[in-house]
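*Asks:* Show me the folded form of this:
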Amino acid sequence: MLDDMGKKVATPGDSVKLPVPRRAPENFPVASRLLPASLRPSVAAFYDVVRAADDLADDPALPRDEKLAGLDAIEDALDGAPWSPVDRLRAALGTIGRQGAMGHVRTMLGAFRADARGETCADWDDLLAYCDLSAVPVGRFLLDLHGETSFPARTASDDLSTALQILNHIQDMGADRRALGRLYLPETLIVEAGADTSDLRRPALTPALRGAVDDALARTDALLDRASPLPALLSARGLAAEAAAILSLARALLRRLKAGDMLAGRVTARRSDWARAGLAGLARLARPGPLGTRAA
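*Replies:* Sure, this is the predicted structure:
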């Protein structure tokens, strides 16, 4: 099928090559041993599907239309078309009776389509709206697997998921701009600090761009403050322990980003930060829970 410009457009009957899921280093633990063994296959399968979609949207060698066609094909798989990563996720969720959690993948496809189209965040509200699609579903997927339904827990999880996404964006903002033309740091923050979006392509932060980054980090710090009650709000002790570990690691990465220059080199959490996060998780796991708390 051809569009008005004579360019080939993928149709539902076309063959679209989907990426093979890969495992890449992450800032925050996925499917850790703090989670019950019965749920880890579902978490790993979910990760494989969204990682494949993310890789597709981020591939600098693919034209936009091919990326969007591939994401459409992944949505077709959610609707029943064969694709082994979605088939594995569907089977894993079926085993534990949580098939409804598949819907979180569909939500995330909205963020990956925005990435494929090269959309940018004009202001902080734009960034939060993007995180509602790209990050919040991850936390809600984990809550759904564990049967955590309380409104305070979901709200705190949303804040934590959003904070993690923004930390990732700030960490990679130079590479994202140079390689993919992405702009997740809100343009209003950049302009109000007296910087310019072209400063993201520099080899080091300018004082003005440092101000914009610090503004974003302060707002992210506030999100982590709101997320901090999450471990105590969860009935599933393993998930509470993982939340405690992730909160510790997020605080550590935020401190590193405040002190470092992410344009001059990648700023990451250190081994000591991971060790402290692990201890925070184990400490939470060791706490006796209230009557009726699930051991999962």
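*Asks:* any weak-confidence spans in this structure?
*Replies:* 1-32, 288-296 (pLDDT under 70).
*Asks:* Walk me through the domains of it.
*Replies:* 38-119, 134-287 (automatic domain parsing).
*Asks:* Now the terminal residues of the longest one, how far apart.
*Replies:* Read it as domain 134-287. 32 Å (C-alpha to C-alpha, to the nearest Å).
*Asks:* Out of the domains of the chain, flag the one nearest residue 126.
*Replies:* Within the domains of the chain, the stretch nearest residue 126 is domain 134-287; the backing value is 6.4 Å (C-beta to C-beta). Using the backbone N, CA and C atoms, a C-beta is placed for each residue, glycine as well.
*Asks:* in the stretch 151-296 of the chain, which spans are helices?
*Replies:* Remark: helices assigned in the stretch 151-296 of the chain by DSSP state H, counting those that start in this stretch are 151-171, 173-180, 187-192, 207-227, 230-233, 237-259, 271-286.
*Asks:* From the contact counts, what lies against the last one?
*Replies:* When you say that, I think you mean helix 271-286. helix 237-259 (3 or more C-beta pairs under 8 Å, 6 or more residues apart in numbering; DSSP states H and E).
*Asks:* For the helix it packs on, which residues meet the burial criterion?
*Replies:* Neighbour-count burial for helix 237-259 flags 237-254, 256-257 (criterion: 16 or more other C-beta atoms under 10 Å).
*Asks:* Next: stretch 174-193.
*Replies:* Neighbour-count burial for stretch 174-193 flags 174, 176-177, 180, 182-190, 193 (criterion: 16+ other C-beta under 10 Å).
*Asks:* ok, back up a step: want to try TSV for the helices of the stretch 151-296 of the chain, with distance to residue 89 as columns?
*Replies:* Listed next are those as TSV, based on distance: least, C-beta to C-beta, whole Å:
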stretch	distance to residue 89
helix 151-171	19
helix 173-180	27
helix 187-192	36
helix 207-227	26
helix 230-233	25
helix 237-259	19
helix 271-286	25
